[in-house]
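J.: Give me a 3D structure for the following:
(one chain, ligands or ions: 1)
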Amino acid sequence: MRNEIADFKNCESIAVMGGTFDPIHYGHLVTAEAVRHRFHIDKVIFIPTGRPAHKTNKKVTHNEHRYLMTVLATMRNENFDVSRIEIDRPGLTYTIDTIEQLKQYCRPDVRLYFITGADAIHQIMTWKDSERLLSLCDFVAVTRPGYQKNELFAEIDALRKKYVSHIHYMEVPALAISSSDIRSRAERGMPIKYLLPQEVEDYIHKFGLYQKKEMDEVKFMLSVEMMQEKLQSALSVKRYIHTMGVSQEAVKLAEIYGTPADCEKAKVAGLLHDCAKDYPPNLRERFCKEYKIKTDEIMQKQPDLIHPFLGAEVAKREYQIQDEEILNAIRYHTTGRANMTLLEKIVFIADYIEPHREKFEGLEEARRLAYLDLDMAIKEILEQTIAFVKKRNRLLHPLSLEALDYYQTKNMKEEY
Ligand code: NAP
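T.: Numbering: from 1, shown residues only. Now for the predicted structure:
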């Protein structure tokens, strides 16, 4: 992993490159390399911000996207590293907590630098434990060309006089590139090539980042709260907790791979995916007849395969879901099928990796793949599930075998 922070014990000096990196660009990379060279620094650790305390109202791109773009941008430089410590740390993000945490993985005499945009220096005394922070690391304030330096120098002087602080200054011509300009260009369909590494550009296009997205209106007859209330009485406590976990995980995946409308649909499909799972056998049979659900030979021999198909009908009739995409995501969440829609993939994966799942072999790998590539995650989950079903001498549904064949072939083609 690139955030193996224990590695830093070998370093005499480390610079933290803090920023939102939304997205990371050549200005950031040139800055990091220039600072590394000027101060003879062993390692520069890029730390994308988590939930900045000063920006709780500002919309930034999802943490995982910003983190992955930073990994892609820095992977060719062995003196660069990326850390997840801010995005994985719960609560609001303060630089002092990052530096304190990082210091635990460094030798006691390490020299630490914090590189950031010069504007931050003007506000630094408003940061949490700023005085201690200034004593723990040197600051390198970097500016883009044309920056009015006089006020910055006055501020640095004042800080030096008042506190134990080492604040350095560097103008970096490459910082004529800015993240906000790249976002605005991408939104207007203008080229962003040569402003950032090709891998980051490809990533932005692949996930459609920074494009204006229409918020399709998704209306449900019952509110989400009403659905939750109904589910609480229909499901066991354990199943209800699992259901909430699937809904949350599905929204997280939709935030990465989909549109705001997909997030709404993922929330509801996740909530309702097991809505018929706790029906006792007599009720299940009665509803299957009433809702004319066709059960094949495998389902009859293994009735737990019926609940997703029954669940889709229950969602339609009792929870008044009309959206066919949501109904299919419920219908195929257990067996999967070949060529699934985005929502079907999201619910299928979320059901497997949701945070309340008890640990089992292969779970972490599925979680890792889910945030890298949905199709690879599906292939992995199908392989694990099929192996598990065979081991238990249970029956496999042909839809799962077709799905496995489809995703194995698809992933193989993409590798070539
Ligand atoms: P930001 O919104 O990403 O950046 C503000 C401006 O500074 C932008 O023009 C940005 O250019 C530039 N910039 C930021 N980081 C840079 C870097 N490392 N190298 C070159 N230019 C950089 O970030 P921010 O909110 O100012 O935060 C910067 C860092 O300070 C983060 O690590 C953040 O967590 C920390 N911070 C901590 C506290 C606290 O502890 N209370 C408060 C504020 C900030 P681009 O848009 O082109 O990147």
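
J.: who's the residue of the stretch 51-200 of the chain found nearest the ligand bridged to?
T.: In the stretch 51-200 of the chain, the residue that lies nearest the ligand is Gly117 (2.2 Å; CB to the nearest ligand atom). Placement of C-beta: from N, CA and C, glycine included. With DSSP bridges as the criterion, Gly117 is bridged to Val142.

J.: Would you mind checking the average pLDDT for the helix or strand where Glu249 lies?
T.: Using DSSP states H and E, Glu249 sits within helix 237-257. Averaged over helix 237-257, pLDDT sits at 95.

J.: Likewise for stretch 101-115?
T.: 94.

J.: What lies in contact with that stretch?
T.: Stretch 101-115 has contacts (CB atoms under 8 Å, 6 or more residues apart in numbering) with 5-6, 8-9, 11-18, 31-32, 35, 39, 41, 44-45, 83, 85, 89, 95, 99, 133, 136-140, 142.

J.: Buried ones only from the residues you listed, please, as a PyMOL command.
T.: Restricted to buried positions by 16 or more other CB atoms under 10 Å, the PyMOL selection for the contacts of stretch 101-115 reads:
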select buried, resi 5+8+11+13+14+15+16+17+18+31+32+35+39+41+44+45+83+85+95+99+133+136+137+138+139+140+142
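
J.: Output the contacting helices and strands for the helix or strand containing Glu229.
T.: Using DSSP H and E, Glu229 sits in helix 224-234. Packed against helix 224-234 by the contact rule (3 or more CB pairs under 8 Å, 6 or more residues apart in numbering; DSSP states H and E) you find helix 237-257, helix 260-272.

J.: residue in the stretch 251-400 of the chain nearest to the ligand?
T.: Glu255 (19.9 Å).

J.: Number of residues surrounding Leu102?
T.: By other CB atoms under 10 Å, the residues close to Leu102 number 21.

J.: Same check on Asn393?
T.: Neighbour number of Asn393 under other CB under 10 Å is 6.

J.: State the pLDDT value of it.
T.: pLDDT for Asn393: 88.

J.: can you check Ala234 too?
T.: Value for Ala234, per-residue pLDDT: 88.

J.: And for His65?
T.: 88.

J.: After the host helix or strand of it, which helix or strand is next?
T.: His65 belongs to helix 63-74 when assigned by DSSP H and E. Counting by DSSP H and E, the element after helix 63-74 in chain order, helix or strand, is strand 80-82.

J.: On the C-terminal side of that next one, identify the next helix or strand.
T.: helix 85-88.

J.: Name the residues of that following helix that come out as buried.
T.: 85-87.

J.: what about the helix or strand following that helix and the ligand, touching?
T.: Next helix or strand after helix 85-88 toward the C-terminus (DSSP H and E): helix 95-103. Yes: Helix 95-103 reaches the ligand (CB under 6 Å from any ligand atom) through Thr95.

J.: Just the CA coordinates for helix 95-103, please, in PDB.
T.: C-alpha atoms of helix 95-103 as PDB (Å, rounded to 0.1, in the frame of the first residue of the first chain):
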ATOM      1  CA  THR A  95      -3.500  19.600  10.300                       C
ATOM      2  CA  ILE A  96      -2.200  19.300  13.900                       C
ATOM      3  CA  ASP A  97      -3.800  15.900  14.200                       C
ATOM      4  CA  THR A  98      -2.200  14.800  10.900                       C
ATOM      5  CA  ILE A  99       1.200  15.900  12.000                       C
ATOM      6  CA  GLU A 100       0.900  14.300  15.400                       C
ATOM      7  CA  GLN A 101      -0.300  11.100  13.900                       C
ATOM      8  CA  LEU A 102       2.500  11.100  11.300                       C
ATOM      9  CA  LYS A 103       5.200  11.800  13.900                       C
END
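
J.: who's in contact with Trp127?
T.: Counting by CB under 8 Å, 6+ apart, Trp127 makes contact with 94-96, 133.

J.: The same query, at a cut-off of 6 Å, please.
T.: With contacts defined as CB atoms under 6 Å, 6 or more residues apart in numbering, Trp127 has no neighbours.

J.: distance of Pro191 from Leu283?
T.: Pro191 is 59 Å from Leu283, where distance means CB to CB, to the nearest Å.

J.: Let me know the distance separating Thr243 from the ligand.
T.: To the ligand, Thr243 is 35 Å away according to CB to the nearest ligand atom, to the nearest Å.

J.: State the distance from that residue to Arg160.
T.: From Thr243 to Arg160 the distance is 57 Å (CB to CB).

J.: Neighbour count: the two, which is higher?
T.: Thr243 (25 against 13).

J.: Mean neighbour count, the helices and strands packed on helix 224-234: which tops it?
T.: helix 260-272 (a mean of 24; mean count of other CB atoms under 10 Å).

J.: What helices and strands are in contact with it?
T.: helix 237-257, helix 324-331, helix 342-353 (3 or more CB pairs under 6 Å, 6 or more residues apart in numbering; DSSP states H and E).

J.: just checking, what packs against the first one?
T.: It refers to helix 237-257. Going by 3+ CB pairs under 6 Å, 6+ apart, helix 237-257 lies up against helix 260-272, helix 342-353.

J.: Worst mean pLDDT among those helices?
T.: helix 260-272 (a mean of 93).

J.: For the stretch 1-150 of the chain, which residues are neighbours of the ligand?
T.: 17-20, 27-28, 31, 49, 52-54, 93-95, 115-117, 119-120, 127-128, 142.

J.: redo that, cut-off 5 Å
T.: Taking CB under 5 Å from any ligand atom, the part of the stretch 1-150 of the chain that reaches the ligand is made up of 17-20, 31, 49, 54, 94-95, 115-117, 120, 127-128, 142.

J.: give me every residue that touches the residue in the stretch 201-350 of the chain that the ligand sits nearest to.
T.: Closest approach between the stretch 201-350 of the chain and the ligand, counting by CB to the nearest ligand atom: Tyr210, at 12.7 Å. Contacts for Tyr210 (CB under 6 Å, 6+ apart) come out as 183, 186-187.

J.: How is it classified with respect to secondary structure?
T.: Put simply, Tyr210 is coil when judged by DSSP: H, G, I helix; E, B strand; the rest coil.

J.: likewise Val16?
T.: Val16 - assigned by three-state DSSP - is strand.

J.: circling back to that earlier point, save the contacts of Tyr210 as CSV, and put in distance to Met376 and secondary structure too.
T.: As requested, the contacts of Tyr210 are exported to CSV (distance: CB to CB, whole Å; DSSP: H, G, I helix; E, B strand; the rest coil):
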residue, distance to Met376, secondary structure
Arg183, 28, helix
Ala186, 26, helix
Glu187, 29, helix
